[in-house]
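>>> quick one: sequence plus predicted model below, questions after.
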Amino acid sequence: MGKEKGGFLTPKAIANRIKAKGLQKLRWYCQMCQKQCRDENGFKCHMMSESHQRQLLLFAENPDQYIDDFSKEFMDGYLELLRRRFGTKRVHCNIVYQEYIAFREHVHMNATQWESLTEFVKWLGREGKCVVDNTEKGWFIQYIDRDPETIKKQEQMKAKEKMDMDDEERTAVFIQKQIERAAEQGTSAKETEYTELKRENEEDKVSLSFSGLKPKKKEDNSVLKSDNPFSSKKPTEPEKPKKRESRWEKEEPKKEVKKDPFKPPKPGEKRKSALDEIMEFEEKKKEKTNRKDYWLMEGIVVKIVTKKLGEKFHKKKAVVKEVQDLYRAVIETLDSGNKVRVDQNHLETVIPAQGKLVKIVNGAYRGHDAVLEGIDEKKFSCTVSIHSGPLKGRVVDNVQYEDISKLFNQT
């Protein structure tokens, strides 16, 4: 019996399998048949085969569709690898391409609409799918992530960075103001200068005066005896010596004088009932809670008191259209209709005639609409009655001028 010429474990068979497993040249690959040939002779034989001819007939029927499909598949695979492997980092385009073609069944570039990798990278840049730039080392590419979740995260990060930057800017401005204030105080304070004591004329007499000291009076024996703690005699002088406080002796805290509820009221004074005391306590509590350092509200009429905006706005009345940041507002002048944004320090409230509606802008009844019942010019206060709500009809006295303002809907 003759020996077999070939076998599965022969060196030639092993080498052939290794070659078939690895990558071959792109020019010997048929994308329509998805067949890789090892050399030029094998590729020529494949092109003359019947199966390849049938695939060419199919391709000839609609070549544009086949090329578009292959191009889309190649682009999707390339961008997916770029997104998953490198993210949004800047990387050389050839590095991504080498990793892409390492997969044996990838779509080859000779089946796409692009003749070279450079043309493909330029096309990605023109379409806005990636950021590309040409350097001495070649073309570099950077993926643009357009995922909605990623865009939302980026917007949140930008908003957070802006808030942090705003806080840092506010802190920097505050520190700068403190430095300027300290510098102004330092320049305003006069430094003490020490000079030598010189006499212009040696013949002049030097006189010293101790205005803070009083001359001591001659003490009698009786006074001396009175200073003795063991003496039982009283001092002869009418004035009693002040008791010196010892440093170990603590001061007794002053006792608060509480009003006795059972004590009869003074003549002419009306005694308060328990309900009146409860209402007074609630009023003070509401006053403390609703008293703010900002008072601007939409719909009120204000008066411009600053001259920084010009003479045409000075002492003009305007209506508050919009409140911004609690302390600023967009106002519209009543006569000309001009709109301007001002700070509340440049405005003051407007007191209407009696019987007109006002808005309580500060204090216990902040935000309520009320009717102006009376004006006390001596105390610079008003008396108002709540116009609407569950407290309708309640009369509030001693409301300061700056706590109420006229409503715009009044004529």
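That came in fine, so what should we check first? Numbering: from 1, shown residues only.

>>> where in the protein is pLDDT low?
Low-confidence segments of the chain, defined by pLDDT under 70, are located at 1-6, 18-27, 104, 165, 186-195, 197-273, 275, 410-411.

>>> just give me the longest helix of it.
helix 148-188 (DSSP state H).

>>> same for it, what does it pack against?
Helix 148-188 sits against no helix or strand, with contacts defined as 3 or more Cβ pairs under 8 Å, 6 or more residues apart in numbering; DSSP states H and E. (Each C-beta comes from the backbone N, C-alpha and C, glycine too.)

>>> chain center to that helix: distance?
8 Å (Cα atoms, centre = their mean, to the nearest Å).

>>> repeat for stretch 146-153
That offset, for stretch 146-153, works out to 23 Å (Cα atoms, centre = their mean).

>>> ok, now stretch 290-307?
For stretch 290-307, the distance to the chain centre is 24 Å (Cα atoms, centre = their mean).

>>> swap in stretch 130-143?
37 Å.

>>> quick one: residues in contact with it.
By Cβ atoms under 8 Å, 6 or more residues apart in numbering, the residues outside stretch 130-143 that reach it are 79, 82-83, 86-94, 96, 117-118, 121-122, 124-125, 144.

>>> pretty sure Asp335 contacts Lys315?
No. Counting by Cβ atoms under 8 Å, Asp335 stays clear of Lys315, with 11.4 Å between them.

>>> returning to what we had before: the contacts of stretch 130-143, buried ones only, as a ChimeraX selection?
Typed into ChimeraX, the line below selects the buried ones among those, using 16 or more other Cβ atoms under 10 Å:
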select :79,82,86,93,94,96,117,121,124,125
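
>>> which ones among the contacts of stretch 130-143 map onto helices?
Using DSSP H, the contacts of stretch 130-143 in helices are 79, 82-83, 86, 93-94, 96, 117-118, 121-122, 124-125.

>>> which one of those residues sits closest to Met157?
Distance to Met157 across the ones in helices among the contacts of stretch 130-143 (Cβ to Cβ) is lowest for Arg83, with 19.0 Å.

>>> ok, the closest one - contacts?
Contacts of Arg83 (Cβ under 8 Å, 6+ apart): 143, 145.

>>> Leu82 too?
Taking Cβ under 8 Å, 6+ apart, one finds 91, 96, 130, 141, 143 in contact with Leu82.

>>> and what of Leu58?
Met32.

>>> report all helices and strands that the helix or strand where Thr383 lies contacts.
Following DSSP states H and E, one finds Thr383 within strand 381-386. Under the contact definition 3+ Cβ pairs under 8 Å, 6+ apart, strand 381-386 sits against strand 369-376, strand 395-400.

>>> any chance of JSON lines for the ones in helices among the contacts of stretch 130-143, columns distance to Arg170?
Formatted as JSON lines, these follow (distance: Cβ to Cβ, whole Å):
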{"residue": "Leu79", "distance to Arg170": "43"}
{"residue": "Leu82", "distance to Arg170": "41"}
{"residue": "Arg83", "distance to Arg170": "39"}
{"residue": "Phe86", "distance to Arg170": "39"}
{"residue": "Cys93", "distance to Arg170": "45"}
{"residue": "Asn94", "distance to Arg170": "49"}
{"residue": "Val96", "distance to Arg170": "45"}
{"residue": "Leu117", "distance to Arg170": "51"}
{"residue": "Thr118", "distance to Arg170": "50"}
{"residue": "Val121", "distance to Arg170": "46"}
{"residue": "Lys122", "distance to Arg170": "47"}
{"residue": "Leu124", "distance to Arg170": "43"}
{"residue": "Gly125", "distance to Arg170": "41"}
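
>>> now, among those residues, which is nearest to Arg394?
Arg83 (67.6 Å).

>>> from Arg181, how far off is that closest one?
Using Cβ to Cβ, to the nearest Å, Arg83 is found at 54 Å from Arg181.

>>> equivalent analysis for Tyr401, please.
32 Å.
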